[in-house]
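Enquirer: I would like the atomic coordinates for the input below:
(chains A and B)
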Amino acid sequence: MMHDRIWYLLGRKVANELLPEEAEELEHLLQQYPDASYVKEILMQSWKDKQKEFTSGDIEAALLRNKQRLLEVQSQMPTEPIPAKRNSKVFRLSLRVASVAAAAVLLFLVSRIWLGRGENDKREQPALQQLVTKTGSRTYIKLTDGTSVWLNAGSKLHYPKQFEGKNREVTLEGEAYFEVATDANHPFIVKTNACSIRVLGTSFNVRFYPDEKMATTSLVTGSIEVVADRRTVRLQPNEKLTIPYSLPATNTANVETPPIKLSTLTPVKDNIVVETAWKDNKLAFKKLALSEVVQLMERWYGAEIHFKSEQKKSLVFSGVFENESLTEALQALEMSGGFHFTKDKNNIYWIE
Amino acid sequence: MQAAGYTGNNVSLINTTILIVYFCSMINNELARFHFRRFCTESDMSAYDELYRLLYSRLVHLSAAIVGSFHLAEEVVSDVFIMIWQKRQELAAVDNPVVYIYISTRNRSLNTVQQQKRHRHTSLELLDTDALAMSPDPEHGMISAEIIQKIEAAIRSLPDRCQLIFRLVKQDGLRYKEVAELLDISPKTVDAQLAIAVKKIAAAIRLDMPQELAQAFLFR
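Expert: Presented below is the predicted three-dimensional model:
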């Protein structure tokens, strides 16, 4: 039947399998049967999935979940016991504390490997400069290669007076935001005790306060590679990588390493992102326990804040502070409820 | 001035190319092959990401039709990608990466069903066809909600495997021989099944034709 022939040829057209002579034949048939042309138009346009349409947001989220699993699988590759998945945050925290030792051993090994790699640097150590910020103060420096560095409170940056050799290397303890001047021939490397970050030209934030027991690298633009525990993880913009860490001194026996974690940056409001807000003189946090908020504030304002009531530590807050004094900031939190604070004669704040 | 005008043209040409790449699944498959080779040979994580973005929705739909759940399907697809990442060095020589990933997804989906429901026989004959459902986009403006419903009903009336074939060709841009390899049938069968699907859909559309057009059609 003539019509069956049209549908057969249309099928081949949809599949992009038409032979030249078939295309000609189809053209000819479509001229004879205008209704078939309408069917052709409908078949050739793009169709929508009915049951489930994935937005690009859905797909990015799925990709992140996949990368997280990939990291877990890779970290289980050695003959270590498989760490069980835990949902309880409290347990995760205690697990983290309990397991820092194993992490420390691994990271110590990694740092040894990294030191080994930089052997030729050892011969002529370039003169190192040191930039230090106290709690309650932040600073900015432009390095000789044009790279901008914002240094957050309570941090230390070692950098050479003049960059020499193949790599541009700096060492960080604390938190810094880098806008690296592009120079493809001289990779920029940020070293911390927990990881190394290799960059060509980009903006990113590194947070590594040893007392927080983890190192977090957040990428804003461009592309960076984080090396830790012999693994290399490449970050995409808007992603951050959290690596567990502890001082080698707390080294004890067989404990599990919490997984290295890949996640996205945390927006608070407008264009403010928790991880990098400090650079623009904003203290931002989202859904954070008061105990952690207080830790941030102590460092930010250079003050001492203590709890009289242990229960209050687990209250959760979100907020952005810019020009507020510590008292004003605490008053704002107090107003949103759950606690009171007082200040004693030694300028120590007490939460109850 | 002329030079500036020329540059402008170039820019718009590049934009068009990007649009075509995004909307033509055929070219998407070429792009997928390109990214696959790149991460196999260079271990480039960003190529892995791109491949994931390109194929995610398509593979999840295929898997969901087999395992009967989008949630499970995401795990299957995630497993497949972790597997190809781990085996990337061996996979550099794979002939057709897209088909390889599709077949891996099919196999893992079938295994998942087997583990979950031991008694149900597992094959591609019995599918959750809801997961395969698709229909013309009313935003194109040339089609009424009523015809769309009729098309959907026509597709639902097709055998499971025929629905799958239509989807793999229309939505995923697979070639006949790729579909044939994936479903373990001959390319001729794919050809014939697709003709059946198109005929059914055409009948649904034609029933809704304006009177004059239908008349012209009948009396020809």
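
Enquirer: let me see the contact set for A:Leu288.
Expert: A:296, A:316-318 (Cβ atoms under 8 Å, 6 or more residues apart in numbering or on different chains). Yep, even glycine has a C-beta here, placed from its N, CA and C like the rest.

Enquirer: mind giving me the ChimeraX command for buried ones among those?
Expert: The buried residues among the contacts of A:Leu288 can be selected in ChimeraX (16 or more other Cβ atoms under 10 Å in any protein chain shown) with this line:
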select /A:296,317
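
Enquirer: out of the contacts of A:Leu288, which sit inside helices?
Expert: A:Leu296 (DSSP state H).

Enquirer: buried residues, the helix or strand where B:Trp85 lies. List them.
Expert: Using DSSP states H and E, B:Trp85 sits in helix B:70-86. For helix B:70-86, a neighbour-count test (16+ other Cβ under 10 Å) marks B:70, B:72-82, B:84-85 as buried.

Enquirer: quick one: contacts of the helix or strand following that helix?
Expert: Per DSSP H and E, the first helix or strand lying C-terminal to helix B:70-86 is helix B:88-91. The contact list for helix B:88-91 (Cβ under 8 Å, 6+ apart) reads B:36, B:39-40, B:43, B:84, B:97, B:100.

Enquirer: of these, buried ones?
Expert: B:36, B:39-40, B:84, B:97, B:100.

Enquirer: in the chain, which ranges drop under the pLDDT threshold?
Expert: Just going to use chain A. Residues of chain A meeting the criterion pLDDT under 70: A:1-2, A:75-127, A:229, A:246-258, A:269-270.

Enquirer: meant chain B actually
Expert: Ranges of chain B meeting pLDDT under 70: B:1-27, B:117-125, B:207-220.

Enquirer: A:Ser314 - how many residues pack around it?
Expert: 12 (other Cβ atoms under 10 Å in any protein chain shown).

Enquirer: how near is the nearest residue to it once chain neighbours are set aside to A:Met335?
Expert: Excluding the flanking residues, the one nearest A:Ser314 by Cβ to Cβ, 6 or more residues apart in numbering or on different chains is A:Ala289, at 5.6 Å. A:Ala289 sits 19 Å away from A:Met335, going by Cβ to Cβ, to the nearest Å.

Enquirer: please identify which of the two sits among more neighbours.
Expert: The neighbour comparison of A:Ala289 against A:Met335 (other Cβ under 10 Å) goes to A:Ala289, with 17 against 7.

Enquirer: just to revisit the earlier point, of the contacts of helix B:88-91, which belong to strands?
Expert: Counting by DSSP state E, no part of the contacts of helix B:88-91 is found in strands.

Enquirer: now distance to chain A too, for those residues, in JSON lines please.
Expert: Output for the contacts of helix B:88-91, formatted as JSON lines (distance: Cβ to the nearest Cβ, whole Å):
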{"residue": "B:Phe36", "distance to chain A": "16"}
{"residue": "B:Phe39", "distance to chain A": "11"}
{"residue": "B:Cys40", "distance to chain A": "16"}
{"residue": "B:Ser43", "distance to chain A": "9"}
{"residue": "B:Ile84", "distance to chain A": "11"}
{"residue": "B:Pro97", "distance to chain A": "18"}
{"residue": "B:Tyr100", "distance to chain A": "18"}
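
Enquirer: could you pull out the helices for chain A?
Expert: Applying DSSP H to chain A gives helices spanning A:2-14, A:20-32, A:34-44, A:56-75, A:89-117, A:119-123, A:290-301, A:326-335.

Enquirer: just want the angle from the fourth one to helix B:70-86.
Expert: By that I understand helix A:56-75. 50 degrees (axes from the mean of the first three to the mean of the last three Cα atoms, to 10 degrees).

Enquirer: before we move on, back to that, what's the most distant pair in the buried ones among the contacts of helix B:88-91?
Expert: Maximum pairwise distance in these, criterion Cβ to Cβ, is 13.3 Å, between B:Phe39 and B:Tyr100.

Enquirer: residues contacting the closest residue to chain B within the stretch 201-350 of chain A?
Expert: Closest residue of the stretch 201-350 of chain A to chain B, Cβ to the nearest Cβ: A:Arg234 (4.2 Å). Each residue near A:Arg234 by Cβ under 8 Å, 6+ apart is listed here: A:223-226, B:45-46.

Enquirer: please apply the same query to A:Val14.
Expert: Going by Cβ under 8 Å, 6+ apart, A:Val14 touches A:43-44, B:169-170, B:194, B:198.

Enquirer: could you find the closest non-adjacent residue to the spatially most central residue of chain B?
Expert: The centre of chain B sits closest to B:Asp172, judged by Cα atoms, centre = their mean, with a distance of 2.0 Å. Nearest non-adjacent residue to B:Asp172, counting by Cβ to Cβ, 6+ apart: B:Arg58, 4.9 Å away.

Enquirer: the one you found against B:Lys170, yeah?
Expert: No: contact criterion Cβ atoms under 8 Å: B:Arg58 and B:Lys170 do not qualify, at 11.4 Å.

Enquirer: of all the buried ones among the contacts of helix B:88-91, which comes closest to A:Asn152?
Expert: Distances from A:Asn152 to those, taken by Cβ to Cβ, are shortest for B:Phe39, at 35.7 Å.

Enquirer: the closest residue to the closest one other than its chain neighbours - how many residues pack around it?
Expert: Sequence neighbours aside, B:Ala47 is the residue nearest to B:Phe39 in space, at 3.9 Å (criterion: Cβ to Cβ, 6+ apart). When neighbours are counted by other Cβ under 10 Å, B:Ala47 registers 18.

Enquirer: and B:Ala47, how far from chain A?
Expert: 10 Å (Cβ to the nearest Cβ, to the nearest Å).

Enquirer: how about the helix or strand containing that residue: buried residues?
Expert: Using DSSP H and E, the element containing B:Ala47 is helix B:45-67. Within helix B:45-67, the residues scored as buried using 16+ other Cβ under 10 Å are B:45, B:47-67.
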